[in-house]
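Enquirer: Got a predicted structure here, sequence first:
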Amino acid sequence: KAGVTQTPRYLIKTRGQQVTLSCSPISGHRSVSWYQQTPGQGLQFLFEYFSETQRNKGNFPGRFSGRQFSNSRSEMNVSTLELGDSALYLCASSLLSGISYNEQFFGPGTRLTVL
Amino acid sequence: AQSVTQLGSHVSVSEGALVLLRCNYSSSVPPYLFWYVQYPNQGLQLLLKYTTGATLVKGINGFEAEFKKSETSFHLTKPSAHMSDAAEYFCAVSGGAGGTSYGKLTFGQGTILTVHP
């Protein structure tokens, strides 16, 4: 079974631009969570989607948004990029959500560099 | 709110020595606890987890951890370090029984493990 895939793996943008990152969960998984990893702040939760609905949201500004499609694939968008948005963005998928624990499987991440 | 503290951002051991990575948590509900490992330029891989039941949990690659509620700790150990264990390790907590945030993991700051020959 294929793992979580994230595209693109590397991305370079300039300040003020916007970016869209994509995540394809493991087949059959319906929950997708996004995390930002930076040297200074570590791993921080962005949001979680389940059945096309946002279930949880982290403490990030409104420039960070996401969505989930009917096939469970998810995208996250960052508008008006800032230098501090440079990070590794990790996506994780799990089978279900909300009612009990389901192991999260992580993708390799998208490395975003903002110049 | 939940939080995780990992004591020691860098730990160095000799090959064959005991590995001990410390993790303390804070949670208002019985937590689910995890240890993940991250190799350079890769995502996170689950080493082990505690949800309910036995407090001593065994994971992959010879790692184990013990949930101690009275100490709010979940330290990771391995009896004998191997060169391939060199990586960054993250302790994490999510909403446990009665909670609603199963999909949200709160991570510690990470501990880089170096293994010397």
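Expert: Cool, got the structure.
Enquirer: So what's the gap between the lowest-mean-pLDDT helix or strand in chain A and the chain middle?
Expert: When the helices and strands of chain A are compared on mean pLDDT, DSSP states H and E, strand A:53-57 comes out lowest with a mean of 89. In terms of Cα atoms, centre = their mean, to the nearest Å, the centre of strand A:53-57 is set 12 Å apart from its chain centre.
Enquirer: go on, stretch B:10-19?
Expert: Chain-centre distance of stretch B:10-19: 16 Å, with Cα atoms, centre = their mean.
Enquirer: Quick one: residues in contact with that stretch.
Expert: Applying Cβ atoms under 8 Å, 6 or more residues apart in numbering or on different chains, the contact partners of stretch B:10-19 are B:20-21, B:63, B:76-83, B:85, B:111-117. Glycine gets a C-beta too; all of them are placed from N, C-alpha and C.
Enquirer: on that earlier part again, so what does the least confident helix or strand of chain A touch, helix or strand wise?
Expert: When contacts are defined as 3 or more Cβ pairs under 8 Å, 6 or more residues apart in numbering or on different chains; DSSP states H and E, strand A:53-57 packs onto strand A:42-50.
Enquirer: partners of the strand it packs on, with directions?
Expert: strand A:31-38 (antiparallel), strand A:53-57 (antiparallel) (DSSP bridges).
Enquirer: Identify each buried residue in the helix or strand just after the last one, please.
Expert: For strand A:53-57, the succeeding helix or strand toward the C-terminus, using DSSP states H and E, is strand A:64-68. Of the residues in strand A:64-68, A:64-66, A:68 count as buried by neighbour count, 16 or more other Cβ atoms under 10 Å in any protein chain shown.
Enquirer: ok, back up a step: also within reach of chain A: list those from the contacts of stretch B:10-19.
Expert: Among the contacts of stretch B:10-19, no residue lies close to chain A (Cβ under 8 Å from any Cβ of the partner chain).
Enquirer: Just want the most central residue of chain A.
Expert: The C-alpha lying nearest the average C-alpha coordinate of chain A belongs to A:Trp34 (Cα atoms, centre = their mean; 3.1 Å).
Enquirer: Is it correct that A:Gly84 falls within a helix?
Expert: Yes - counting by DSSP: H, G, I helix; E, B strand; the rest coil, A:Gly84 is located in a helix.
Enquirer: mind listing what it touches?
Expert: Counting by Cβ under 8 Å, 6+ apart, A:Gly84 makes contact with A:38, A:114.
Enquirer: now it: how far from A:Gln36?
Expert: Using Cβ to Cβ, to the nearest Å, one obtains 10 Å as the distance from A:Gly84 to A:Gln36.
Enquirer: just B:Thr52 next, same as before
Expert: Look at B:Thr52 and A:Gln36: by Cβ to Cβ, they are 30 Å apart.
Enquirer: Neighbour count for these two, which is higher?
Expert: The neighbour count for B:Thr52 versus A:Gln36, taken as other Cβ atoms under 10 Å in any protein chain shown, is higher for A:Gln36 (22 against 11).
Enquirer: on that earlier part again, now do the same for the residue nearest to the residue nearest to the centre of chain A when sequence neighbours are not counted: its pLDDT.
Expert: Excluding its sequence neighbours, the residue lying closest to A:Trp34 (Cβ to Cβ, 6 or more residues apart in numbering or on different chains) is A:Leu46, at 4.1 Å. For A:Leu46, the model assigns a pLDDT of 96.
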